[in-house]
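Peer 1: Here is a sequence together with a model predicted from it:
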Amino acid sequence: MGNIISKRIYPFFLKNSMKTNYVSQGEHYFNEKSTLETCCHPSIQEVDSSDEDAEDRFYRFVILHAEEDIEEAIRVQDLLQNEYCIKPGLIFAEMPSGRHLLENLTNAMNDSAWIIILLTENFLRDLWCEFQSYTSLLGALTIPHKYNSVIPMRPRNKPLPWERTPFILQCVNVLQEDSPGFSDQVKKTFQEARYRQQEEVWRYGRKKEMAKKVLDW
């Protein structure tokens with residue numbers, strides 16, 4: 001999966017350049033030429049990490065977010081990793097460049113224990129965000145070990161109002177950052193036993209993939 005950010009620098013052109021890779025609401029949101037290539041700008045990559053090493057890593061969470069919410073997604077990522085010791089985690093913009101959006105979304109779902117959907121005011125403005133959320137929920141319903149792995153979250157900054165939240169997401173337990181019980185919610189949600197269970201399934205799948213490659217070779 002993607003490189004972990006070691007030094008965060010967000011030049012003004014990063015956000016603008018992402019618009020060439022995200023498609024607008026008037027376009028087909030999974031155009032085969034769509035990528036997040038510019039999301040992985042060298043200034044926010046860890047140069048010592050290779051894609052090969054990253055792909056051998058099972059993440060505790062991946063945050064799906066609107067393109068305007070990269071900084072907010074990173075703040076939430078840091079909050080979960082540093083304050084609650086839920087690591088490793090990454091945001092969708094850290095996924096490898098040069099790959100199809102759908103491939104990165106599939107890898108995000110397969111290579112992490114939890115998918116966090118960042119519910120902000122920008123969420124409904126991006127068809128790609130809605131597509132990500134519905135695809136993730138479908139995976140959580142159809143893949144046995146992914147049950148309850150999709151976690152909508154309202155961050156403290158510009159959260160999506162409850163009345164504007166898609167009905168299907170209202171049916172899922174939501175993390176509310178400004179709630180007094182947020183810490184307890186986090187502890188109940190990201191359970192170590194659940195993570196280990198999913199990691200074991202993931203490692204078994206990786207071994208099968210490697211064995212198949214050897215046989216095909």
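Peer 2: Cool, the structure landed. All of these numbers come straight from a predicted model, not from anything done at the bench. Numbers count the residues shown, from 1 in each chain.
Peer 1: helices or strands next to the longest helix anywhere in the chain in the packing?
Peer 2: Identified as the longest helix of the chain according to DSSP state H is helix 192-216. For helix 192-216, the elements it packs on are strand 112-118, judged by 3 or more C-beta pairs under 8 Å, 6 or more residues apart in numbering; DSSP states H and E. From N, CA and C alone the C-beta is placed, and that goes for glycine too.
Peer 1: try 10 Å
Peer 2: Helix 192-216 makes packing contacts with strand 59-64, helix 101-110, strand 112-118 when contacts are defined by 3 or more C-beta pairs under 10 Å, 6 or more residues apart in numbering; DSSP states H and E.
Peer 1: The ones you listed: lowest mean pLDDT?
Peer 2: Lowest mean pLDDT within the helices and strands packed on helix 192-216: helix 101-110, a mean of 89.
Peer 1: my read: Phe131 touches Leu102, true?
Peer 2: Yes: assessed by C-beta atoms under 10 Å, Phe131 is found in contact with Leu102 at 9.2 Å.
Peer 1: which residues in this protein form helices?
Peer 2: So, for the chain - with DSSP H - the helices run 12-18, 51-55, 70-78, 101-110, 127-142, 167-170, 182-189, 192-216.
Peer 1: Need these in a markdown table (columns: mean neighbour count).
Peer 2: Output for these, formatted as a markdown table (neighbours: other C-beta atoms under 10 Å):
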| stretch | mean neighbour count |
| --- | --- |
| helix 12-18 | 13 |
| helix 51-55 | 13 |
| helix 70-78 | 20 |
| helix 101-110 | 19 |
| helix 127-142 | 18 |
| helix 167-170 | 12 |
| helix 182-189 | 14 |
| helix 192-216 | 12 |
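Peer 1: and the ones you listed as CSV, adding distance to Ile117?
Peer 2: Formatted as CSV, the helices of the chain follow (distance: least, C-beta to C-beta, whole Å):
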stretch, distance to Ile117
helix 12-18, 18
helix 51-55, 22
helix 70-78, 11
helix 101-110, 11
helix 127-142, 5
helix 167-170, 7
helix 182-189, 13
helix 192-216, 18
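Peer 1: and those, which one's lowest on average pLDDT?
Peer 2: When the helices of the chain are ranked by mean pLDDT, helix 12-18 comes last with a mean of 35.
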